[in-house]
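# Sequence and predicted structure are below.
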6 protein chains.
Amino acid sequence: MDAKAINYEDASPQVRAVFDDIKRSRNLPDVNNFWKYLARDPALLKRTWESVKEVMAPGALDPLTKEMIYLAVSVTNGCAYCIGSHTAAARKAGMTEDMFGEVMAVTGMANETNRLANGYRVPVDPQFE
Amino acid sequence: MDAKAINYEDASPQVRAVFDDIKRSRNLPDVNNFWKYLARDPALLKRTWESVKEVMAPGALDPLTKEMIYLAVSVTNGCAYCIGSHTAAARKAGMTEDMFGEVMAVTGMANETNRLANGYRVPVDPQFE
Amino acid sequence: MDAKAINYEDASPQVRAVFDDIKRSRNLPDVNNFWKYLARDPALLKRTWESVKEVMAPGALDPLTKEMIYLAVSVTNGCAYCIGSHTAAARKAGMTEDMFGEVMAVTGMANETNRLANGYRVPVDPQFE
Amino acid sequence: MDAKAINYEDASPQVRAVFDDIKRSRNLPDVNNFWKYLARDPALLKRTWESVKEVMAPGALDPLTKEMIYLAVSVTNGCAYCIGSHTAAARKAGMTEDMFGEVMAVTGMANETNRLANGYRVPVDPQFE
Amino acid sequence: MDAKAINYEDASPQVRAVFDDIKRSRNLPDVNNFWKYLARDPALLKRTWESVKEVMAPGALDPLTKEMIYLAVSVTNGCAYCIGSHTAAARKAGMTEDMFGEVMAVTGMANETNRLANGYRVPVDPQFE
Amino acid sequence: MDAKAINYEDASPQVRAVFDDIKRSRNLPDVNNFWKYLARDPALLKRTWESVKEVMAPGALDPLTKEMIYLAVSVTNGCAYCIGSHTAAARKAGMTEDMFGEVMAVTGMANETNRLANGYRVPVDPQFE
């Protein structure tokens, strides 16, 4: 029992409606802890879910590519919860172990060269303006 | 004239060999400022280029996907030089305006939800461990 | 027993003087782990406490507003210890659950739009210079 | 003339509707560059504006407090555009020079102590769990 | 003329006293912009200078080592002003071009491996606890 | 038993060769968890180790200075694993408790003043360009 999370059985109708939509859209029996915690602020829960749902829908990019970008950002920021949940989501969307290794390699290299560009104070090339 | 950058005509044979490999691999008439600045430390230049070349080569992920991940990390870190150069590289690899908008949308959303997970101190769900 | 922390009974007179001032100022029976760990470097302990005390005192901003700003920064940086201690401090200073939700919502949104401004490379409007 | 921004006269009806709502809500003759750049992705523009509008509305916290939190996060992330625009917004909402100094002082101190807590690996006190 | 900076001739006696101490301690004819801007908040100016002076004084570490650590942190955070001023300070304290290259190399590598450790979710080895 | 790590007895000849070189170079009976996790991607393991080995070798800077810079960056980024492993490495290379306190003090101060420079939008002094 976690007093800081709202479970389905204790949720208001407004929160339940969001939980139902998450479970239906993601085809899951229950929502993750992230949503149970946000449910303490029903407006935040609803707005965040609707934004995430819209942003992660297939579009010009497929869901797997989007999940790998989400993971790369979460790794850069060092958010343990997000690394856990988006590694799982990316694997569910088709990320193999080889793809995971390459996402990590690119993320690591970008974090390194970002600092080299900062430290050497490299001016932007005219063709990149 | 920029005393902090090494141009081809002033470069040592060791630096020229790296510049030649960059120009050949990337099919460019000249290297970007990033490499001209790193050239002040020939060992750093060589090691960084060889790592970038290996990491960004096609593998389990295609070059476009890798460039978009690189861009998402650079945007998260706020590295102006890297945002400029990797936006250009991603467009050259096939990123359309619609894809760019979606990379930005996912990057923005990940940065937001990373902080919501931090602030609500959400415990990792057992299935993500 | 934690060999890395200095407890009151093991503290030097200089460290005890700082601990006493913290307990008196904050009206607490004991100091938090943060201060017990910093006490390994008495000069760092003294300087940090005196700065925190001065910065967090009521001034043009009230203590609650200051604690909420402290929390927003700690959430942005992902410092778990600081999120725990400053959530507690903000609640003690009067932060309600609704206020907490709004601090999180603003913090999340700022982290998102910071990256959109970075990624779209938005030039500063003349009126903001 | 900036080919990367969408001005009102070149905007689609969908984008104009958002621009009109921003100008009306903020009582401004024109929208900032931020919105003109996001307008390249009309769905992103609409979603971001609606979220910002909802989050920044008066609630349990007043608009000035919210703007100061927004500024503290932007300063922590080093987003130059956002620091400029949210300093202006906070001043418009009533932030005095003294308040600005205190927002900076708290933001600076939080960034320092976040790292001291990280580096000394301070365990969370039981009362903060 | 910069209305946001306080120059010596326009400074209050309290601010002048700090400026004089900075010039004397650093053996400089004038203070850097950083101090002229902080002078808008005399208490912040005084507290920040006294802390910096104490922290950067020779101790268990020499001033050059301290300046290189300051630079590595500033590069990691992407603070352009701080990278400029602390590169200059480190060079004045004896940092050669070879040392600069190694500071950058270590900083870049640490930023990379920090993310690899995050992304692979590596558990802390018992001997490091 | 940790299915996510590769131990020596389960490693391929290519991975064992890297592990052997790490143990020999560092004079350790076994490699740290970091390397066991990276071993899931043998190319990443090899490239990362070779880069770290080259970067951390004695050069213009001694190994202790390099380890303290590595630690300052890891503390700034909040990477718990890296803080643990590089605190241990720095101590092994000769970092005393007094030196540790000064690394933390400089790291904390740099993180604070980086934000003050951001927030006050201090222009770079001409002599630092």
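Alright, I've got the coordinates.

# ok, now which ones touch A:Cys82?
For A:Cys82, the contact set (CB atoms under 8 Å, 6 or more residues apart in numbering or on different chains) comprises A:70, A:74, B:110, B:113-114, B:117. Yep, even glycine has a C-beta here, placed from its N, CA and C like the rest.

# show me which of those neighbour chain C.
Among the contacts of A:Cys82, the residues lying close to chain C (CB under 8 Å from any CB of the partner chain) are B:113-114.

# Turn the contacts of A:Cys82 into CSV, including secondary structure, distance to chain E and neighbour count.
Output for these, formatted as CSV (DSSP: H, G, I helix; E, B strand; the rest coil; distance: CB to the nearest CB, whole Å; neighbours: other CB atoms under 10 Å in any protein chain shown):
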residue, secondary structure, distance to chain E, neighbour count
A:Tyr70, helix, 12, 27
A:Ser74, helix, 8, 27
B:Ala110, helix, 14, 29
B:Thr113, helix, 16, 26
B:Asn114, helix, 12, 29
B:Ala117, helix, 14, 27
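
# Any buried residues in the host helix or strand of A:Glu54, and which?
A:Glu54 is part of helix A:42-56, with elements assigned from DSSP states H and E. Buried residues in helix A:42-56, counting neighbours by 16 or more other CB atoms under 10 Å in any protein chain shown, are found at A:42, A:44-49, A:51-52, A:55-56.

# among the contacts of A:Cys82, which two are most distant?
The span of those, defined through CB to CB, is set by A:Tyr70 and B:Ala117 at 12.0 Å.

# pLDDT score for the most centrally placed residue in chain A?
Nearest to the geometric centre of chain A sits A:Tyr70, at 4.7 Å (CA atoms, centre = their mean). Per-residue confidence (pLDDT) for A:Tyr70: 98.

# That one and A:Gln14: what is the separation?
27 Å (CB to CB, to the nearest Å).

# which element is A:Phe100 on?
Element membership of A:Phe100 [criterion: DSSP H and E] is helix A:97-119.

# can you check A:Arg121 too?
Per DSSP H and E, there is no helix or strand for A:Arg121.

# which ones are touching it?
A:Arg121 makes contact with B:4, B:37, E:80, E:83-84, E:87, according to CB under 8 Å, 6+ apart.

# Then A:Asn32?
Residues in contact with A:Asn32 (CB under 8 Å, 6+ apart) are A:85, B:125, B:128.

# Just say helix, strand or coil for the first one.
Put plainly, it is A:Ser85. What DSSP: H, G, I helix; E, B strand; the rest coil gives for A:Ser85 is helix.

# That one: how many residues sit nearby?
For A:Ser85, the neighbour count with other CB atoms under 10 Å in any protein chain shown is 24.

# pLDDT score assigned to the one residue in chain A that gets nearest to chain C?
Using CB to the nearest CB, the closest approach of chain A to chain C is made by A:Asp41 at 3.4 Å. pLDDT for A:Asp41: 97.

# got the contact list for the nearest residue to it once chain neighbours are set aside?
Nearest non-adjacent residue to A:Asp41, counting by CB to CB, 6 or more residues apart in numbering or on different chains: C:Gly101, 3.4 Å away. Counting by CB under 8 Å, 6+ apart, C:Gly101 touches A:40-41, A:43-44, D:60.

# Next to chain C in this structure, residues from chain A, please.
Within chain A, the positions near chain C by CB under 8 Å from any CB are A:40-41, A:43-44, A:48, A:77-79.

# So A:Lys36 sits against A:Ile6, correct?
Yes. With contact defined as CB atoms under 8 Å, A:Lys36 and A:Ile6 form a contacting pair (5.5 Å).

# buried set for stretch A:119-129?
A:119-122, A:124-125, A:128.

# Quick check: end-to-end length of that stretch?
20 Å (CA to CA, to the nearest Å).

# Off-centre distance for that stretch?
Chain-centre distance of stretch A:119-129: 31 Å, with CA atoms, centre = their mean, to the nearest Å.

# And for stretch A:13-30?
Mean-position distance between stretch A:13-30 and its chain equals 17 Å (CA atoms, centre = their mean).

# what about A:Ala88, helix or strand, and which?
Here A:Ala88, judged by DSSP H and E, is contained in helix A:80-92.

# Using CSV, write out every CA atom in that helix.
The C-alpha coordinates for helix A:80-92 follow below in CSV (Å, rounded to 0.1, in the frame of the first residue of the first chain):
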residue,chain,number,x,y,z
ALA,A,80,16.1,6.1,-13.4
TYR,A,81,12.3,5.6,-13.6
CYS,A,82,12.1,6.8,-17.2
ILE,A,83,15.1,4.6,-18.3
GLY,A,84,13.3,1.6,-16.8
SER,A,85,9.9,2.3,-18.3
HIS,A,86,11.1,3.4,-21.8
THR,A,87,13.6,0.6,-22.1
ALA,A,88,10.6,-1.7,-21.6
ALA,A,89,8.5,0.2,-24.0
ALA,A,90,11.1,0.3,-26.7
ARG,A,91,11.7,-3.5,-26.4
LYS,A,92,7.9,-4.0,-26.7
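
# tell me which residues of it are tucked away?
A:80-91.

# Helix B:97-119 and that helix, what's the angle between them?
140 degrees (axes from the mean of the first three to the mean of the last three CA atoms, to 10 degrees).

# what about helix A:80-92, average pLDDT?
So the average pLDDT for helix A:80-92 ends up being 98.

# got the angle for that helix vs helix A:42-56?
Using the same axes, to 10 degrees: helix A:80-92 against helix A:42-56 is 40 degrees.

# What is the neighbour count of A:Asn7?
14.

# Would you mind listing the residues in contact with it?
Neighbour list for A:Asn7: A:Lys36 [criterion: CB under 8 Å, 6+ apart].

# On the pLDDT front, check it for me.
Taking A:Asn7 on its own, its pLDDT is 96.

# State the distance from it to chain D.
Applying CB to the nearest CB, to the nearest Å, the value for A:Asn7 to chain D is 20 Å.

# Over to A:Leu71?
Noted for A:Leu71: a distance of 20 Å to chain D, by CB to the nearest CB.

# Would you mind confirming that that residue is in contact with A:Ala93?
No. Look at A:Leu71 against A:Ala93 with CB under 8 Å: they stay out of range, at 10.5 Å.

# Between these two, which has more neighbouring residues?
Neighbour count, other CB under 10 Å: between A:Leu71 and A:Ala93, A:Leu71 has more, with 28 against 16.

# Let me know the helix or strand that that one is in.
Assigned by DSSP H and E, A:Leu71 belongs to helix A:63-77.

# A:Pro123 now?
Here A:Pro123 is assigned to no helix or strand, by DSSP H and E.

# Hmm, B:Lys36 and it touching each other?
No. With contact defined as CB under 8 Å, A:Pro123 does not count as touching B:Lys36 (10.0 Å).

# elements contacting the helix or strand harbouring A:Arg24?
A:Arg24 belongs to helix A:13-26 when assigned by DSSP H and E. Contact here means 3 or more CB pairs under 8 Å, 6 or more residues apart in numbering or on different chains; DSSP states H and E; on that basis helix A:13-26 packs against helix A:33-38, helix A:42-56.

# Looking at these, spot the one closest to chain F.
Using CB to the nearest CB, these put helix A:33-38 closest to chain F, at 20.0 Å.

# same question for the closest one, mean pLDDT?
98.

# Work out the gap between it and the centre of the chain.
The answer for helix A:33-38 is 13 Å, by CA atoms, centre = their mean.

# quick one: it near chain B?
Yes. Using CB under 8 Å from any CB, helix A:33-38 reaches chain B at A:33-34, A:37-38.

# Just the CA trace of that helix, in CSV.
Taking Å, rounded to 0.1, in the frame of the first residue of the first chain, the C-alpha atoms of helix A:33-38 are listed here in CSV:
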residue,chain,number,x,y,z
ASN,A,33,3.2,3.8,-11.3
PHE,A,34,3.9,7.0,-13.2
TRP,A,35,0.2,7.5,-13.9
LYS,A,36,-0.9,6.4,-10.4
TYR,A,37,1.3,9.1,-8.9
LEU,A,38,0.3,11.9,-11.4
